[in-house]
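sharing a sequence plus its predicted fold:
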Amino acid sequence: MNANRQLAPVALLLATLVAAGCNRTDSTSAPTSAGTQPASSGGMFAGLASEAQKKIAEQNLSIGNDSSSLPKAELTPQGDLLIAGNKVAVTPELHALLVRHRELLERVAVAGVQVGMQGVDLAGKAIGNAISGAISGDNTAAQSRIDTDAAKIKVTARQLCEELPALLDSQQKLAAALPEFRPYASMTTDNVKDCHSD
């Protein structure tokens, strides 16, 4: 389906941010905050989405591209930079930049969860619509419903793409001001362009 091809660059970026971005240490489940909204409109994956959003908010987020030549770097929920588990001492001004970067990274990751869950929901609906169309013989109506749902995912993905320039700008400011952060500044303008390319 054309919509799936158009979302491919976004899906790749999301897989990187969400799958590699969260600290993989396990945590116990807890109710989500009142402000957290389920990412799946059908509610089928609301529990998974809420748990993913909770982990994004509460756990350290990895930065960089997981290069084996560099020690692991993370941003804590408080905006502290950890390299190989050690807190990097920074000025209050640099800490404010790290806090802002963490906020932006979290927003992109949460949006990624929303797009991912909507995609899973769409896949389930597409199967149902395909079966319905095969039984009724009305494949046009089934495809129309799939296209309508895919368009909703594209809106969410577009909102995610709108967050990327600010994230890149934040990364560049930190890379210029904080030498310890610089080797982990792996996001490029191509990431932003790829997200908007379709």
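Structure received. Residues are numbered from 1 along each chain as shown.

what about residue 171, distance to residue 88?
16 Å (CB to CB, to the nearest Å). (C-beta placed from N, C-alpha, C; glycine too.)

neighbour count: those two, which is higher?
residue 171 (22 against 16; other CB atoms under 10 Å).

was I right about that one contacting residue 187?
Yes: with contact defined as CB atoms under 8 Å, residue 171 reaches residue 187; the gap is 5.3 Å.

can you pull out the strands in the protein?
Using DSSP state E, the strands of the chain run over 61-63, 73-75, 81-83, 86-87.

and residue 193, which of those strands is closest to it?
Each of the strands of the chain has some distance to residue 193 by CB to CB; the shortest is strand 61-63, at 20.9 Å.

what is the mean pLDDT for the closest one?
Strand 61-63 carries an average pLDDT of 93.

for that strand, packing partners?
strand 73-75, helix 92-136 (3 or more CB pairs under 8 Å, 6 or more residues apart in numbering; DSSP states H and E).

what's the local residue count around the residue lying closest to residue 174 once chain neighbours are set aside?
Spatially, and ignoring its direct neighbours in sequence, residue 174 is nearest to residue 181 (4.7 Å; CB to CB, 6 or more residues apart in numbering). Neighbour count of residue 181, defined by other CB under 10 Å: 25.

roughly how far does residue 181 sit from residue 193?
Noted for residue 181: a distance of 23 Å to residue 193, by CB to CB.

do residue 53 as well
Distance, residue 53 to residue 193, using CB to CB: 27 Å.

neighbour-wise, which of these two wins?
Between residue 53 and residue 193, residue 53 has the larger neighbour count (other CB under 10 Å), namely 23 against 12.

hmm, the more buried one is touching residue 113, no?
Yes: with contact defined as CB under 8 Å, residue 53 counts as touching residue 113 (5.9 Å).

list the residues that contact residue 176.
When contacts are counted by CB atoms under 8 Å, 6 or more residues apart in numbering, residue 176 touches residue 182.

chain neighbours aside, what residue packs nearest to residue 164?
residue 192 is the one closest to residue 164 (CB to CB, 6+ apart), at 4.6 Å.
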